[in-house]
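[1] I would like the atomic coordinates for the input below:
(2 chains, ligands or ions: 2)
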Amino acid sequence: MSAVGVSSVPIGSIYVPRADVPVAELPALLLPAYGETVLMVGVVMVVVLAVGTPLGLLLHNVAPGGLFERPALHAVLGWLISVGRSLPFLILMASIVPFTRFITGTNIGIAAAVVPMSLAGIAFFTRIVENALRSVPPSIVRVARASGGSNLQIMRSAQFGEAVPAVLGGLTIQVIAMIEYSAIAGTIGAGGIGYVAVTYGYQRFDNTVMLATILILVATVAFVQVAGDRLVRWVTPQKRLQRA
Amino acid sequence: MISLLELTKTYGRGADAVIVLDRLNFEVGTGEIFAVTGPSGAGKSTLAQCINLLERPTSGSVVVNGEDLSSLPEKRLRAARRRIGTVFQSASLLSRRTASENIALPLEYLGVTPGEIRARVGELIDRVGLGPKAHSYPFQLSGGQAQRVGIARALALRPSILLADEATSGLDPDTTSSVVELLKQLRTDLDLTVVFITHEMDTVRQIADSVARLERGRIVETGRLVDLLTDHGSPLGRALQPRRGFAAADDGAATWYVTYDSTDVPGDWIQRVSADLAVPVHLLGASVETVHGINTGSATLGIAAASDDAVRAVLARYGLSGTPDVRREPGPGGAPVSPVRSGAVPALEGAA
Ligand SMILES: Nc1ncnc2c1ncn2[C@@H]1O[C@H](COP(=O)(O)OP(=O)(O)OP(=O)(O)O)[C@@H](O)[C@H]1O
Ligand SMILES: [Mg+2]
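    Numbering: from 1, shown residues only, chains lettered A, B, ... in the order given. Ligands and ions are numbered 1, 2, ... in the order given. So this is what the prediction gives:
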């Protein structure tokens, strides 16, 4: 594929020949977009962690056998999260436009993308936390209760403390999913790498830009995965110490 | 001191209700080790959870040092739990905390200052003999070491009651013995009241002052260990006897299963029985040990005597009780020696 290949873009019925963006100009195009993606995913992850973690702990503990069983609340919460999880992101994003506009005052741009991404991300992460907590043996919780812990103390040190490696493993998957969501959000003008890929690579058949965005996304996802794996290793004493 | 008064626990409601503990009454004196045994599903763990107040009894009460804890409101229940230390099966340590950090858990929950925590944890670590392992993670500890961490954690808040639910299950016999010795030592030093739940009869013989047998939620037999071991009429006493295989008797000789039935059986009883009967007595198998300074145990003998009654009479003279014609191997069908089989003692010894 030549970096300066020529293609045509249909505009109305007239074909206008256009050149691909020259390689030398790629950084100027892609770096700000990459920064926007990082910003979008970063903001979303902060919201998701802040809301999804307590929500996951709540969901786990209002369930039968939890620290404070509330079957009705569990059913309602579970149902809400399932709905959030089952909608394809594009549809979720489109369907909550009025809500997004109410919160941010706009329905395009980064701010507008953060709202649906956070909602989808919270539903996703709540399940990740819940799943990680479920793998903590009940005997650990019994120990914490017998040691005189309050519910908050038990949730923090025993439940979440033991689940940290599993949560971080899930978090890695989550960040990668959020990068993907940010690209989808890009199609409705949220900016970021996804927006560039769509406007240049898809709408203008600019293969250079398309290829560059693909490479960037693959490298980013690979980096997140490696970083996540390292983090999990670091917080698991057995893995951390046995390698040394 | 701890007493249970008509303690009852039911799971489920209405037609599905299952009575797991049925009006239990017993009392464990200060400084006493009280063992509870029973088959799987008897309700032992449920009993443990009612004693350490993780489960509320359906009715009846748990009285610790004169105070009824079972009727306290939830808030005060948490404070009451701190008076009862619990050692769990396989220690149940937090995998991401070191031994020290695990022991510190109850102190952290209580809000003790870091300085005091350090001092107390150091004390406890030494107490259970784990000094060099203080900063090891659970995966770096052997089963016995992990269990010592569990014991130290249970003692962190200076409880007056120590409750152990299958604390030695899954440990090999030597490790079990060392954990048992530690518990006995602690009982003496700290004047602890210990409730020790296990299905391993060998461990009960090593540790208990008194024993109760729980079956389908009821205490079917209870008594002092020494009394039970020397009472051949007691199914629990027989279940507590160590049981080993034995050799075959010579042709013409009958096989006798003999148990120590008194606290003063003479050491040379085999010779004396042989002399009194005027026939040789072959020792085919035996297991004799000292429990609380008293010899107890059982032996399998080959005796070519004329009359069973004569043998019985001579054995009784020396405080022994005998039954003729035991089958080849003691086992579920093994006629006179088939007491309530509790959790296959010999099989479990080798496991783990
Ligand atoms: N939360 C519960 N809900 C309903 N039934 C229960 C519950 N916990 C225990 N049981 C029932 O109570 C009975 C006693 O259980 P428990 O765990 O106390 O037995 P155990 O004597 O400790 O057995 P094991 O030796 O196998 O540990 C069992 O039949 C069990 O199914
Ligand atoms: Mg049990």
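
[2] let's check: the centremost residue of chain A is which one?
    Within chain A, one residue has its C-alpha closest to the average C-alpha position: by C-alpha atoms, centre = their mean, that is A:M178, at 2.5 Å.

[3] so that one touches A:M117, yeah?
    Yes - with contact defined as C-beta atoms under 8 Å, A:M178 counts as touching A:M117 (6.4 Å). (C-beta placed from N, C-alpha, C; glycine too.)

[4] now for A:V48: which residues touch it?
    With contacts defined as C-beta atoms under 8 Å, 6 or more residues apart in numbering or on different chains, A:V48 is in contact with A:118, A:121-122, A:124-125, A:174, A:178.

[5] now B:A167
    The neighbours of B:A167, taking C-beta under 8 Å, 6+ apart as the test, are B:87-89, B:147, B:150-151, B:179, B:183, B:196, B:198.

[6] from ligand 1, how far out is it?
    Computed with C-beta to the nearest ligand atom, to the nearest Å, the distance linking B:A167 and ligand 1 is 12 Å.

[7] near ligand 1 at all, stretch B:39-56?
    Yes - judged by C-beta under 6 Å from any ligand atom, stretch B:39-56 and ligand 1 are in contact via B:40-46.

[8] which of these are buried? Put it as a ChimeraX command.
    For anyone working in ChimeraX, the buried entries among the residues of stretch B:39-56 next to ligand 1, judged by 16 or more other C-beta atoms under 10 Å in any protein chain shown, can be selected with:
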select /B:42,43,44,45,46
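
[9] what helix or strand is A:V164 located in?
    Element membership of A:V164, judged by DSSP states H and E, is helix A:161-185.

[10] buried stuff in that helix?
    Neighbour counts over helix A:161-185 (16+ other C-beta under 10 Å) mark A:161-172, A:174-179, A:181-185 as buried.

[11] who are the packing partners of that helix?
    Based on contacts counted as 3 or more C-beta pairs under 8 Å, 6 or more residues apart in numbering or on different chains; DSSP states H and E, the elements that helix A:161-185 packs against are helix A:26-62, helix A:89-95, helix A:110-134, helix A:193-196, helix A:207-235.

[12] how about low-confidence regions in the chain?
    You didn't say which chain, so I picked chain A. A:1-18, A:243-244 (pLDDT under 70).

[13] oops, chain B please
    In chain B the weaker segments, taking pLDDT under 70 as the threshold, are B:91, B:243, B:306, B:325-352.

[14] quick check on the nearest residue to B:V28 once chain neighbours are set aside: phi, psi?
    In this structure, B:V28 finds its nearest non-sequential neighbour in B:F34, 4.1 Å apart by C-beta to C-beta, 6 or more residues apart in numbering or on different chains. Recorded main-chain torsions at B:F34 are phi -110, psi 120, according to degrees, to the nearest 10.

[15] just the buried members of the contacts of A:V48?
    In those, the ones that pass as buried (16+ other C-beta under 10 Å) are A:118, A:121-122, A:124-125, A:174, A:178.

[16] before we move on, the earlier item: overlap in contacts of A:M178 and A:M117?
    With the criterion set as C-beta under 8 Å, 6+ apart, the overlap between the contacts of A:M178 and A:M117 is A:V44.

[17] so who does A:A212 touch?
    A:26, A:30.

[18] which residues in chain B form strands?
    B:2-11, B:18-28, B:33-37, B:59-64, B:67-68, B:84-87, B:161-165, B:193-197, B:210-215, B:218-224, B:254-260, B:281-291, B:294-303, B:320-324 (DSSP state E).

[19] for ligand 2, find the nearest of the ones you listed.
    For the strands of chain B, proximity to ligand 2 was assessed by C-beta to the ion; strand B:161-165 is nearest, at 6.2 Å.

[20] can you point out the buried residues in stretch A:183-198?
    A:183-186, A:188, A:190-198.

[21] and for the residue of chain A found nearest ligand 2, the neighbour number?
    Per C-beta to the ion, A:S139 is where chain A lies closest to ligand 2, at 11.1 Å. When counting by other C-beta atoms under 10 Å in any protein chain shown, one arrives at 13 neighbours for A:S139.

[22] ok, it to B:L284 distance?
    Noted for A:S139: a distance of 44 Å to B:L284, by C-beta to C-beta, to the nearest Å.

[23] what's the answer for B:R205, then?
    22 Å.

[24] could you pull out the helices for chain B?
    B:44-51, B:74-81, B:99-110, B:114-127, B:143-155, B:173-190, B:201-207, B:225-229, B:235-240, B:269-277, B:308-317, B:345-350 (DSSP state H).

[25] just put those helices in JSON lines and tack on distance to chain A.
    What follows is the helices of chain B, written out as JSON lines (distance: least, C-beta to the nearest C-beta, whole Å):
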{"stretch": "helix B:44-51", "distance to chain A": "8"}
{"stretch": "helix B:74-81", "distance to chain A": "5"}
{"stretch": "helix B:99-110", "distance to chain A": "4"}
{"stretch": "helix B:114-127", "distance to chain A": "13"}
{"stretch": "helix B:143-155", "distance to chain A": "7"}
{"stretch": "helix B:173-190", "distance to chain A": "17"}
{"stretch": "helix B:201-207", "distance to chain A": "20"}
{"stretch": "helix B:225-229", "distance to chain A": "27"}
{"stretch": "helix B:235-240", "distance to chain A": "28"}
{"stretch": "helix B:269-277", "distance to chain A": "48"}
{"stretch": "helix B:308-317", "distance to chain A": "48"}
{"stretch": "helix B:345-350", "distance to chain A": "20"}
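
[26] tabulate those helices (JSON lines), appending distance to A:L217.
    Written out in JSON lines, the entries for the helices of chain B read as follows (distance: least, C-beta to C-beta, whole Å):
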{"stretch": "helix B:44-51", "distance to A:L217": "52"}
{"stretch": "helix B:74-81", "distance to A:L217": "51"}
{"stretch": "helix B:99-110", "distance to A:L217": "41"}
{"stretch": "helix B:114-127", "distance to A:L217": "46"}
{"stretch": "helix B:143-155", "distance to A:L217": "46"}
{"stretch": "helix B:173-190", "distance to A:L217": "54"}
{"stretch": "helix B:201-207", "distance to A:L217": "61"}
{"stretch": "helix B:225-229", "distance to A:L217": "71"}
{"stretch": "helix B:235-240", "distance to A:L217": "69"}
{"stretch": "helix B:269-277", "distance to A:L217": "86"}
{"stretch": "helix B:308-317", "distance to A:L217": "88"}
{"stretch": "helix B:345-350", "distance to A:L217": "57"}
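
[27] nearest to A:L30, of those helices?
    Closest approach to A:L30 among these (C-beta to C-beta): helix B:99-110, 46.6 Å.

[28] could you say what helices and strands that closest one packs with?
    For helix B:99-110, where contacts count as 3+ C-beta pairs under 8 Å, 6+ apart, the packed elements are helix A:138-146, helix B:114-127, helix B:143-155.

[29] packing partners of the first one?
    Contacts defined by 3+ C-beta pairs under 8 Å, 6+ apart place helix A:138-146 against strand B:84-87, helix B:99-110.

[30] check those for me and report the most buried one.
    Here the criterion is mean neighbour count by mean count of other C-beta atoms under 10 Å in any protein chain shown, and of the helices and strands packed on helix A:138-146 the winner is strand B:84-87, at a mean of 28.

[31] what is the most widely separated pair among the residues of stretch B:39-56 next to ligand 1?
    Taking C-beta to C-beta as the measure, those span a maximum distance of 12.3 Å, between B:S40 and B:T46.

[32] what is the neighbour count of B:G12?
    The local packing count at B:G12 equals 10, with neighbours defined by other C-beta under 10 Å.
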